[in-house]
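Colleague: A predicted structure for the sequence below; I have some questions about it.
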Number of protein chains: 4
Amino acid sequence: MQDSSVTFIGLGAMGEPMASSVLRSGVALTVYNRSRERAAPLAAAGAKVADSVAAAVTPGGVVITMLANDAALLDVTLGGSGVADRLGAGGLHISMSTVSPETSRHLAAEHAKRGSLWLSAPVFGRPEAAAAQKLWICQSGTAEAKARAKPLLEAMGQAIHDFGEEPGAANVVKLSGNFLILSAVEAMAEALTLAEKSGIDRQALAGFLGQTIFNCPIYQNYGRILAAQTYEPAGFKLELGMKDVRLVRDAAESATVPMPLADLLHARLLTSLAKGRGQLDWTAIEMVSAEDAGKRA
Amino acid sequence: MQDSSVTFIGLGAMGEPMASSVLRSGVALTVYNRSRERAAPLAAAGAKVADSVAAAVTPGGVVITMLANDAALLDVTLGGSGVADRLGAGGLHISMSTVSPETSRHLAAEHAKRGSLWLSAPVFGRPEAAAAQKLWICQSGTAEAKARAKPLLEAMGQAIHDFGEEPGAANVVKLSGNFLILSAVEAMAEALTLAEKSGIDRQALAGFLGQTIFNCPIYQNYGRILAAQTYEPAGFKLELGMKDVRLVRDAAESATVPMPLADLLHARLLTSLAKGRGQLDWTAIEMVSAEDAGKRA
Amino acid sequence: MQDSSVTFIGLGAMGEPMASSVLRSGVALTVYNRSRERAAPLAAAGAKVADSVAAAVTPGGVVITMLANDAALLDVTLGGSGVADRLGAGGLHISMSTVSPETSRHLAAEHAKRGSLWLSAPVFGRPEAAAAQKLWICQSGTAEAKARAKPLLEAMGQAIHDFGEEPGAANVVKLSGNFLILSAVEAMAEALTLAEKSGIDRQALAGFLGQTIFNCPIYQNYGRILAAQTYEPAGFKLELGMKDVRLVRDAAESATVPMPLADLLHARLLTSLAKGRGQLDWTAIEMVSAEDAGKRA
Amino acid sequence: MQDSSVTFIGLGAMGEPMASSVLRSGVALTVYNRSRERAAPLAAAGAKVADSVAAAVTPGGVVITMLANDAALLDVTLGGSGVADRLGAGGLHISMSTVSPETSRHLAAEHAKRGSLWLSAPVFGRPEAAAAQKLWICQSGTAEAKARAKPLLEAMGQAIHDFGEEPGAANVVKLSGNFLILSAVEAMAEALTLAEKSGIDRQALAGFLGQTIFNCPIYQNYGRILAAQTYEPAGFKLELGMKDVRLVRDAAESATVPMPLADLLHARLLTSLAKGRGQLDWTAIEMVSAEDAGKRA
């Protein structure tokens, strides 16, 4: 069964192009965003714009959410006139935000109580990838939820990677991925500082790495940014990176897994926030490495 | 000018296939190794086997060294009847070992005193890559040294990356690369431990990462090893990894560059050595993550 | 004005001797504890034992709480028939538990809404010190609250140290103190492992330190425990130490203060919990140092 | 047997008052220092001033050395016309400098070859303590060396603590002590930064700690400095602290003992050196904590 009408809530830098992909796939789409102006391009392309969460959701239908953090997702889902109660029996909630596994487990249970399905389906990719339907999607949840979500996820991503039934699993994978990316950034930052103070050209080192042992986009793109030390405009804001590393640490503590590298990243991010860099790109943690080595006084 | 006769010293797991590549390129090769039996395959392929360093080196000729560590290189080069004195005026020493930038600077100066050239040319790649002439080579030194070494390096590697005139620069690049690789290992180790204790299949997570955001050999190959937790036989021994991270820390201290991630890697390696794992693959630092999380009691 | 009748809630290892001190000072004391048997010695000494929080609290009176954690304090204070509502106008709540500054700020505001006073007054000292009226008490809150609490605090402690008006300040001091103590434990643990593996007697080193540069009880008492490596019975359980370090990290993140040493302690504690050591004394974090050095396989 | 004539080499901030104590005890003292002017007060008090190490040392006599580092001690002892050869059979070398255990082991063996005794006897205490004969002395070496050194050590210190026969043991104890002191500094630095950003007076917190749970000189004196954030003039220069922590890390690596807290201290010191603070007091590592929290921009 393919759902003929679908609701998309959360039209931020990622949500807007994702909703656009769904719309282009031929689905009748209703959208909702707290600040309504974000919905204009979608409206122009044929989406129906709702004035409230309650008005946006069809009982028994499908809701996709792409929100800023756990608090926003919990509020939209369980708050007054929220998604969970409106969706009710027979509904499906596809949660694509980067949130904690705990929140997913909690909301999956709340939906189950009401007879509706839950699918955790966070994504990897920048806004450009979202616009090009090139996201990588991780999913976890019930087989029934996955089957029903499939055509919608295929409209947004280039591949769907499955991590089983446990609702929080896909969230752990998403958090792990962001942890790995920022770890690579920290490693490059330290190496570039060492290289520069040893008289080596930053671009030369970053270029070499991206062409040889680390010939993949993360090292190539972030390597270029780190070599140039240009952290504006932000592709992904440092303060959002902090939110994600905080979620990693929370998940690690819940699972009783010491992660000293996550602690190091957290310290770098917290130092960066203390220095007023929350709006820079998250690769700006490099500035701490440089400063600790006596550069950029 | 192409050198018609060349000496290769150090026929270990890397040196032997590298010497073999030089031999195949048509150069008349003399080889030397402390334990002579390592030279047998090269002798069978036409190399001349020398009984001592002194006998191996032709005054004014070219010597390539691929040795285990700084001490071995210093001994072979400056010890009695060593490379430096034998080579003398007009010679070229291509040093391909992973050693400290300080050792390279020191030996470059010693060769200069004697009228011979020095080229630092460490490599990236496993023995299989060496056998297939697919190494990545970093070089730094004088233009004259580079010009003369070029055909020999091309016989061994798929590409030569230049890092300027300063003799230690290529060594810093090599050390940085190994630091980055082991940083990626540590990050994957922590993420896989978190994933496993969260009920996620290790292979599934490693496979996903290698196919998506980290689609490069380091993450794919090491990800496979880390997911399977099989650390024998060693591709690169942990005790050699320790040597390299020690050199990274020494270089960082010399350059006054704090590298907290290098300190973390050092602690992982030292713990591993204390537990008797020096002969395992260096990815076995993962076992510390697992143990700290209460696995593999 | 001295309060002639007072309520004490929470009769754990610390609360019981503290309540006993108050009782001995001549105050008519009503006590409450979730498991009633803990109240027996106090009842025998003349205290009135209440069956519920509601029954224990006198409107407009004084309540002292000494509870296990933030959740317990929040529940007793704001839960149904809780302290805040029962106490009402004219009351005073002296909170002596180790809780977060945030909880204190929140509860101070809740009491203010109801016209009652709040005093944060956490303590340092072991149960023996509590029994001997030798606790060190840190306080923060309004002048009015301090004046009224004074005779009660004097009945329990050897000194009252004032940290101003802000309700959370005394909690930050208490958390800082526990952070400093566990930092000293970690430092001694690492030094003793180094000493032992260098052939030095653990007792000799610990004894020397406690007699010379660190001649204070923390180093003397914990030094003795760490030298002997005997972590049972627990003077202060490791799982409670984890709770406190978690509160330190939360406070640090709220105040945007990177604390890498707190991160290290957290990792030690989390490793210890993963290995099933939550019921041992918190000095048992030493076992991780020893194991990482290849001891106690 | 008491030695009637003794040589003291190294008249720095510590050595000068130590030599003065020996002189006051009635021993005929010959002194030597690289820059001769440091010897003037001792000459005025009756010491004989030598022009060279060779002239200062009496064959078969006693030499006490108090030098800046391993290199200086090795040079004075084993260099041309050095202590070891001059002292010869029947001599005793009491080494009081803060050096590596490895250097002590090496020099003990060199003296043994020549038939002379070696005693490692590093000290704890500031110059004021040295002037007042209040140093704490740690010793390790042969029983014969200890017996002969006893009256001299008693002339300098308030107590002698014995750590057995192994020459390096006393050095490990000295390094451990300095590691513990700087660990306490780091812990206080982090706590004071947290306190200040939480609105708490730095002096109030430092004063409280020094009067209660940490009522010992290290916390009292360093707490006062850290609260005031005044790092000049230096009581003990940061660059010397770096030397000591480097020796701790070397000893830890030799003994295969991971010491993550030593790594943290090293990073703090290296950052401080990179920022040009080598001449400040070593407590100035606090500035990194403050800066990372956005203070002292």
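Modeller: Received it, and whenever you're ready, just let me know what you need.

Colleague: from here on, contacts and neighbour counts on C-alpha atoms
Modeller: Will do.

Colleague: look up the closest residue to the residue most central in space within chain A, ignoring the ones flanking it.
Modeller: The centroid of chain A falls nearest to A:T98 when counting by Cα atoms, centre = their mean (4.3 Å). Distances taken as Cα to Cα, 6 or more residues apart in numbering or on different chains place A:P122 nearest to A:T98, at 6.0 Å, with adjacent residues excluded.

Colleague: ok, the one you found touching A:S97?
Modeller: Yes: the pair A:P122 and A:S97 passes the contact test of Cα atoms under 8 Å, sitting 5.6 Å apart.

Colleague: related to what we said a few turns ago, show me the residues around the residue nearest to A:T98 that make contact.
Modeller: Residues in contact with A:P122 (Cα atoms under 8 Å, 6 or more residues apart in numbering or on different chains) are A:95-98, A:137-139, A:170-171, A:174.

Colleague: for A:V31, see how far away the residue nearest to the centre of chain A is.
Modeller: 20 Å (Cα to Cα, to the nearest Å).

Colleague: all strands of the stretch 151-297 of chain A, in order?
Modeller: A:157-162 (DSSP state E, counting those that start in this stretch).

Colleague: interface residues of it facing chain D?
Modeller: A:270-272, A:274-275, A:292-294 (Cα under 8 Å from any Cα of the partner chain).

Colleague: closest one of those residues to B:V49?
Modeller: Nearest to B:V49 out of these is A:A293 (Cα to Cα; 48.1 Å).

Colleague: was I right about the closest one contacting D:T271?
Modeller: Yes: in this structure, A:A293 is within contact of D:T271 by Cα under 8 Å, at 5.9 Å.

Colleague: now the common contact residues for those two.
Modeller: B:256-258.

Colleague: I'd like the residues you listed written out as CSV, with pLDDT added.
Modeller: Converted to CSV, the shared contacts of A:A293 and D:T271 look like this (pLDDT from 0 to 100):
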residue, pLDDT
B:T256, 98
B:V257, 98
B:P258, 98
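
Colleague: separate out the buried members of those.
Modeller: Buried members of the shared contacts of A:A293 and D:T271, scored by 16 or more other Cα atoms under 10 Å in any protein chain shown, are B:256-258.

Colleague: keep those, but drop any that are not near chain A.
Modeller: B:256-258.

Colleague: now go through these and say which are in helices.
Modeller: Counting by DSSP state H, no part of those is found in helices.

Colleague: return the closest of those residues with respect to B:L87.
Modeller: Nearest to B:L87 among these, with distances taken as Cα to Cα, is B:T256, at 35.3 Å.

Colleague: could you pull up phi and psi at that closest one?
Modeller: Here is the backbone geometry of B:T256 (degrees, to the nearest 10): phi 50, psi 60.

Colleague: what's the neighbour count on the spatially closest residue to it that is not a sequence neighbour?
Modeller: Sequence neighbours aside, D:A274 is the residue nearest to B:T256 in space, at 5.7 Å (criterion: Cα to Cα, 6+ apart). Neighbour count of D:A274, defined by other Cα atoms under 10 Å in any protein chain shown: 20.

Colleague: residues touching D:A274, list them.
Modeller: Taking Cα under 8 Å, 6+ apart as the criterion, D:A274 is in contact with A:292-294, B:256-257.

Colleague: great, nothing more from me.
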